[in-house]
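# okay, here's the prediction I keep looking at, along with the sequence it came from:
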Amino acid sequence: IFGTMIVDEEQILVENWGKLYKLGACPQKEFFRKLDCGEDVQADPYFTESKKRLDDGAFETWLSVKLELWKNFNQEPRDFTPIAIRHSIKRFVVQDGAHRLSLRSLRGYNAHTLGIGLWEYN
């Protein structure tokens, strides 16, 4: 990280299974929204795609981690700094922290402090 900056949500992109989504409409946020509303997440595209791509053990771990994060999420911004790289002049792709950032977005925050990294994580 070479610095941090506050970025409007409209400028933040999240990658999921090789596709880029605006933070406000990313699969992670929709998954957590469904959990908040008590909806069945087993038909959620993020859930089904993860289940399809991961073996049973890895999927159970994936689901457990997501549910734990959702249950215990603390929206205080000092608790984490998502890491992003600059995608274009006004777009940033989150490389680490997309799930927590999605939860902050879901909880009503529309500007986020991002750590800006030099290198893309592959």
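On my side now, so go ahead.

# can you report phi and psi for the most centrally placed residue in the chain?
Closest to where the C-alpha atoms of the chain average out (Cα atoms, centre = their mean) is A98, at 2.3 Å. Dihedral pair for A98: phi -60, psi -40, per degrees, to the nearest 10.

# the closest residue to it other than its chain neighbours: what's it in contact with?
Excluding the flanking residues, the one nearest A98 by Cβ to Cβ, 6 or more residues apart in numbering is V14, at 4.6 Å. (C-beta placed from N, C-alpha, C; glycine too.) V14 is in contact with 20-23, 26, 28, 93-94, 98, 101-102, counting by Cβ atoms under 8 Å, 6 or more residues apart in numbering.

# just those residues: which are in helices?
If you go by DSSP state H, the contacts of V14 have 28, 98, 101-102 in helices.

# quick one: the helices in the chain?
27-37, 45-53, 56-72, 98-106.

# what packs against the first one?
Meaning helix 27-37. strand 12-16, helix 45-53, helix 56-72, helix 98-106 (3 or more Cβ pairs under 8 Å, 6 or more residues apart in numbering; DSSP states H and E).

# what's the most buried one of these?
Each of the helices and strands packed on helix 27-37 was scored by mean neighbour count; the highest is helix 98-106, a mean of 23, by mean count of other Cβ atoms under 10 Å.

# identify the residues contacting that one?
For helix 98-106, contacts defined as Cβ under 8 Å, 6+ apart pick out 9, 12, 14-16, 23-24, 26, 28-29, 32-33, 36, 66, 69-70, 73, 75, 77, 80, 82, 94, 112.

# ditto for stretch 40-50
16-17, 27-28, 30-31, 34-35, 59, 62-63.

# ok, which pair from those is furthest apart?
Maximum pairwise distance among these (Cβ to Cβ): 19.4 Å, between W17 and L35.

# quick one, which of the two is more surrounded?
Of the pair W17 and L35, L35 is the one with more neighbours under other Cβ atoms under 10 Å, namely 17 against 11.

# can you tell me the closest non-neighbouring residue to the more buried one?
That would be W70: by Cβ to Cβ, 6+ apart, it lies 5.3 Å from L35.
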